[in-house]
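Undergrad: got a predicted model here, sequence first, then my questions.
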Protein chains: 2
Amino acid sequence: MALRVGVIGGGQLARMMIAPAVELGIDLRVLAEDEGMSAGLAATAVGDYRDLATVRAFAEGVDVITFDHEHVPQDVLRALVADGVAVHPGPDALQFAQDKLAMRARLADLGVPQPEWAAVRSVAELQSFLDAQGGAAVVKTPRGGYDGKGVRVVRSADDARDWLGALGEGEALLAEELVPFVRELAQQVARRSGGEMIAYPVVETVQRDGVCAEVIAPAPAAGDRLVEVAEGIGRTIAEGLGVTGMLAVELFETDDERILVNELAMRPHNSGHWSQDGAVTGQFEQHLRAVADLPLGSTAPRASWSVMVNILGGPIGATLDERFASAMAEHPGAKIHTYGKAPRPGRKVGHVNVAGEDLDDAVYVARAAAAHFA
Amino acid sequence: MALRVGVIGGGQLARMMIAPAVELGIDLRVLAEDEGMSAGLAATAVGDYRDLATVRAFAEGVDVITFDHEHVPQDVLRALVADGVAVHPGPDALQFAQDKLAMRARLADLGVPQPEWAAVRSVAELQSFLDAQGGAAVVKTPRGGYDGKGVRVVRSADDARDWLGALGEGEALLAEELVPFVRELAQQVARRSGGEMIAYPVVETVQRDGVCAEVIAPAPAAGDRLVEVAEGIGRTIAEGLGVTGMLAVELFETDDERILVNELAMRPHNSGHWSQDGAVTGQFEQHLRAVADLPLGSTAPRASWSVMVNILGGPIGATLDERFASAMAEHPGAKIHTYGKAPRPGRKVGHVNVAGEDLDDAVYVARAAAAHFA
């Protein structure tokens, strides 16, 4: 019968897998953290993804396990693999998305260009890194950060004294060069367990307050060299780390024309939401195809330009209130995707995709439609 | 909270509303005929749509009622309306999709071009119609026909003697001119209760054995006059009959350049499946927007040409078997939509959409991908 794909985590990424799963005939099952989450329609279980018994029971009913997030502990993942469960991406790959220090060390081995970095365990070590970097650096907690959380720009070792003091035995912080970037990019690659890979066009991402605000696909003024280098980095990492499913590589483009890896995500990613309406195969469908070991789909753009603008939850009264209707009425070509989440200041509650032949028009319409929700 | 749209009927049309409902944030609820139907994921009730108590209980939990098919009896529909339930399309419109004689009479009132027709109650009346038509006609049962069922070409009144003999008091058959058509077309229009309407491009449909086999959007070699006439017919019918939701008008194009109305459907329709991947707003999203009284979306094509080829259930072993994988592997740009139905000879179990800039290429790829399932 239908292939059963189990997704651990009930957030918007799991939710956005529902639509392509229905069309592909995949039986999508979600282990949600709570009742009433974004992916509630497909939730067949509710429980704690850190609890092996819960996850094991959920895995028994599916053919493959994948994820809405990267927070499932390694010991749970490895127990599933030992049980014979197909886990995509697997723990060997996921560890590099779960631990930024491990990621930096592995990318160094692979020869992938990245910012200068160091593991720092003390004020003295951080000060030494700061001195070498001209007095400024980015400090990150290796685990658990997202959307700007667990990231801090420091100009003195004192600025991270609290985090350093909280380190346990054998733990360290990641200190990174404060990269003089001119813009941020993202490269997505899908990979199947047998090695088949396909890359999406490199895109430009605009962050505000550490959160993705807008994405333009493809990245404007991206020359052949940039496209080639970005795709090469994506493929090297996907293959080198053994990623299965969607990989997103966040990149800095510097003022001296270097492309440096910022962060990794091994799941569908905000930088790829444009592909739902702008590519022949959207990232959520592609992720399902990759983890279910089905042939990958074309990543060709459907239009010259695609623009994605996030809807950050402002004073919205309801999911489908007058604001939604007014946005749809004024912008009949805008594709509004909602996450079924209660609005809260700064919370991602949806996004707008617009595809078209004129970039300025597409940017205008996407921003204008999203502005109805501000 | 989220707008609740209830769909009566659990077939593939209801199933294909799930994807856009999730993205729009609509809480879709389906009253399915049985367990395990195409739209099972969204089925919140199972029961007989002819039973008022069943339908009434289902309607209590939703904000608007719409349909996967046109078979809900008028007395059930009218009882819902009397209860104050929003029913779209409503019984006043649906009666013309349920009864082909009523439809012919109403279209005649509206001045819409259609084949010559007559209500025939006896062998003598049918023979008289045949004589006037040069000895050949199409005879239809006014109710319950679909996909070529309840339709017969007759060259003698004897050919319909069985149907005539089975007529009850006050019943009649519909006799129609055997139209010398050169091709079949379909025109879709979406309409909200307040009157807002939007038309899709007129498409060419190819039927085999009375079942839709292929659709090309827009209809090749459709000149301005054809486009204008077809859209005008669609708008006239949608407005004249008070349709809410999607309306599909099946049309004949004759060798003397007439456009004549063949059949109507007041729901998403096989002739519009191309729009899922080929238009900015697919027909399933548009239907939800129209029945939920949300602003309608752009019907602009995403590509110069879109081609839809139905998958008619042949000897398929499973929903996602090697044939599916081989079709995806060879045609990474083909969008394969599955209905979650057990394959049976001649049964529609899915379709393939291909959009592109070259019509011959798109036709080739869509047919080749669909052929993997033959």
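TA: The structure has been received and is ready for your questions. Because the structure is predicted, anything quoted here is derived from the model rather than measured.
Undergrad: so which residues on the stretch 101-250 of chain A come close to chain B?
TA: Applying C-beta under 8 Å from any C-beta of the partner chain, we find that the stretch 101-250 of chain A lies next to chain B at A:Ile198. (C-beta placed from N, C-alpha, C; glycine too.)
Undergrad: the helices in the stretch 101-250 of chain A, which residues?
TA: Counting by DSSP state H, counting those that start in this stretch, residue ranges of the helices within the stretch 101-250 of chain A are A:123-132, A:161-165, A:224-240.
Undergrad: now the first one: buried residues?
TA: What that stands for is helix A:123-132. Neighbour-count burial for helix A:123-132, with 16 or more other C-beta atoms under 10 Å in any protein chain shown as criterion, is recorded at A:Glu125, A:Leu126, A:Gln127, A:Phe129, A:Leu130.
Undergrad: let's have those residues in CSV, adding distance to A:Glu322 and pLDDT.
TA: Shown next, in CSV, are the buried residues of helix A:123-132 (distance: C-beta to C-beta, whole Å; pLDDT from 0 to 100):
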residue, distance to A:Glu322, pLDDT
A:Glu125, 55, 96
A:Leu126, 51, 97
A:Gln127, 55, 96
A:Phe129, 52, 98
A:Leu130, 51, 97
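Undergrad: closest to A:Phe96 out of those?
TA: The nearest member of the buried residues of helix A:123-132 to A:Phe96, counting by C-beta to C-beta, is A:Phe129 at 21.7 Å.
Undergrad: for the lowest-mean-pLDDT helix or strand in chain A, buried residues please.
TA: Counting by mean pLDDT, DSSP states H and E, chain A has its least confident helix or strand at helix A:322-330, which shows a mean of 88. By neighbour count, with 16+ other C-beta under 10 Å as the criterion, the buried positions of helix A:322-330 are A:Arg323, A:Phe324, A:Ala325, A:Ala327, A:Met328.
Undergrad: please see if that helix touches chain B.
TA: Yes - with C-beta under 8 Å from any C-beta as the measure, helix A:322-330 is seen reaching chain B through A:Phe324, A:Ala325, A:Met328, A:Ala329.
Undergrad: what does stretch A:26-44 give?
TA: Yes - Stretch A:26-44 lies within reach of chain B by C-beta under 8 Å from any C-beta, at A:Ile26, A:Leu41, A:Ala42.
Undergrad: can you say which of these are buried?
TA: In those, burial by neighbour count holds for A:Ile26, A:Leu41, A:Ala42, counting by 16+ other C-beta under 10 Å.
Undergrad: what's the distance between the closest residue to chain B within the stretch 101-250 of chain A and B:Ile336?
TA: Each residue of the stretch 101-250 of chain A has a distance to chain B, by C-beta to the nearest C-beta, and the smallest belongs to A:Ile198, at 8.0 Å. Distance of A:Ile198 to B:Ile336, computed by C-beta to C-beta, to the nearest Å: 17 Å.
Undergrad: again with A:Ala334
TA: In terms of C-beta to C-beta, A:Ala334 sits 27 Å off from B:Ile336.
Undergrad: more neighbours, these two?
TA: For A:Ala334 versus B:Ile336, the count of surrounding residues by other C-beta atoms under 10 Å in any protein chain shown is larger for A:Ala334: 26 against 22.
Undergrad: my read is that that one contacts A:Ala371, right?
TA: No - with contacts defined as C-beta atoms under 8 Å, A:Ala334 does not count as touching A:Ala371, sitting 11.0 Å away.
Undergrad: the residue of the stretch 151-300 of chain A found nearest chain B: what's it in contact with?
TA: With C-beta to the nearest C-beta as the measure, A:Pro295 is the residue of the stretch 151-300 of chain A nearest to chain B, at 3.8 Å. For A:Pro295, the contacting residues are A:Glu196, A:Arg289, B:Ala325, B:Met328, B:Ala329, B:Pro332, by C-beta atoms under 8 Å, 6 or more residues apart in numbering or on different chains.
Undergrad: measure it to B:Pro332 for me?
TA: Between A:Pro295 and B:Pro332 the distance, using C-beta to C-beta, works out to 7 Å.
Undergrad: picking that back up, JSON lines for the residues of helix A:322-330 next to chain B, including distance to B:Trp117?
TA: Putting these into JSON lines (distance: C-beta to C-beta, whole Å) gives the following:
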{"residue": "A:Phe324", "distance to B:Trp117": "44"}
{"residue": "A:Ala325", "distance to B:Trp117": "42"}
{"residue": "A:Met328", "distance to B:Trp117": "40"}
{"residue": "A:Ala329", "distance to B:Trp117": "40"}
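Undergrad: farthest-separated two in these?
TA: Using C-beta to C-beta, the two most remote members of these are A:Phe324 and A:Ala329, lying 9.6 Å apart.
Undergrad: and the spatially most central residue of chain A, what does it touch?
TA: Within chain A, the residue whose C-alpha comes closest to the C-alpha centroid is A:His269; the distance, by C-alpha atoms, centre = their mean, is 3.1 Å. Contact analysis of A:His269 by C-beta under 8 Å, 6+ apart lists A:Ala186, A:Gln188, A:Met246, A:Ala248, A:Gln283.
Undergrad: next: A:Lys348.
TA: If you count contacts by C-beta under 8 Å, 6+ apart, then A:Lys348 has A:Gln12, A:Val211, A:Asn270, A:Asn310, A:Ile311, A:Leu312, A:Gly313, A:Tyr339, A:Lys341 around it.
Undergrad: among those residues, which lie within helices?
TA: Residues from the contacts of A:Lys348 lying in helices, with DSSP state H as the criterion: A:Gln12.
Undergrad: ok, the contacts of A:Lys348 vs chain B, which is closest?
TA: Taking C-beta to the nearest C-beta as the measure, A:Tyr339 is the one of the contacts of A:Lys348 closest to chain B, at 7.9 Å.
Undergrad: and that closest one, how far from A:Gly9?
TA: Taking C-beta to C-beta as the criterion, A:Tyr339 is separated from A:Gly9 by 13 Å.
Undergrad: could I get the buried residues of helix A:123-132 in TSV, plus columns for distance to A:Leu174?
TA: What follows is the buried residues of helix A:123-132, written out as TSV (distance: C-beta to C-beta, whole Å):
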residue	distance to A:Leu174
A:Glu125	12
A:Leu126	11
A:Gln127	16
A:Phe129	10
A:Leu130	14
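Undergrad: quick one: buried residues of the strand or helix carrying A:Val76?
TA: When secondary structure is defined by DSSP states H and E, A:Val76 falls within helix A:74-83. For helix A:74-83, the buried set under the neighbour-count rule, 16+ other C-beta under 10 Å, comprises A:Val76, A:Leu77, A:Ala79, A:Leu80.
Undergrad: beyond that helix, next helix or strand please.
TA: In the C-terminal direction, the helix or strand that comes right after helix A:74-83 (DSSP H and E) is helix A:91-98.
Undergrad: domain assignment for chain A?
TA: As given by automatic domain parsing, the domain ranges for chain A are A:4-87, A:116-177, A:181-371.
Undergrad: hmm, what's the outermost residue in chain A?
TA: Ranking residues of chain A by C-alpha distance from their mean position (C-alpha atoms, centre = their mean) puts A:Ala124 at the top, at 33.4 Å.
Undergrad: which pLDDT value goes with that one?
TA: According to the prediction, A:Ala124 has pLDDT 95.
Undergrad: got the contact list for it?
TA: A:Ala124 makes contacts with A:Ala157, as judged by C-beta under 8 Å, 6+ apart.
Undergrad: how about A:Val123?
TA: Taking C-beta under 8 Å, 6+ apart as the test, what A:Val123 contacts is A:Ala157, A:Asp158, A:Ala160, A:Arg161, A:Leu164.
Undergrad: which stretches in the stretch 151-300 of chain A count as strands?
TA: Residue ranges of the strands in the stretch 151-300 of chain A, as given by DSSP state E, counting those that start in this stretch, are A:151-154, A:173-177, A:181-191, A:197-199, A:203-208, A:211-217, A:245-254, A:259-265.
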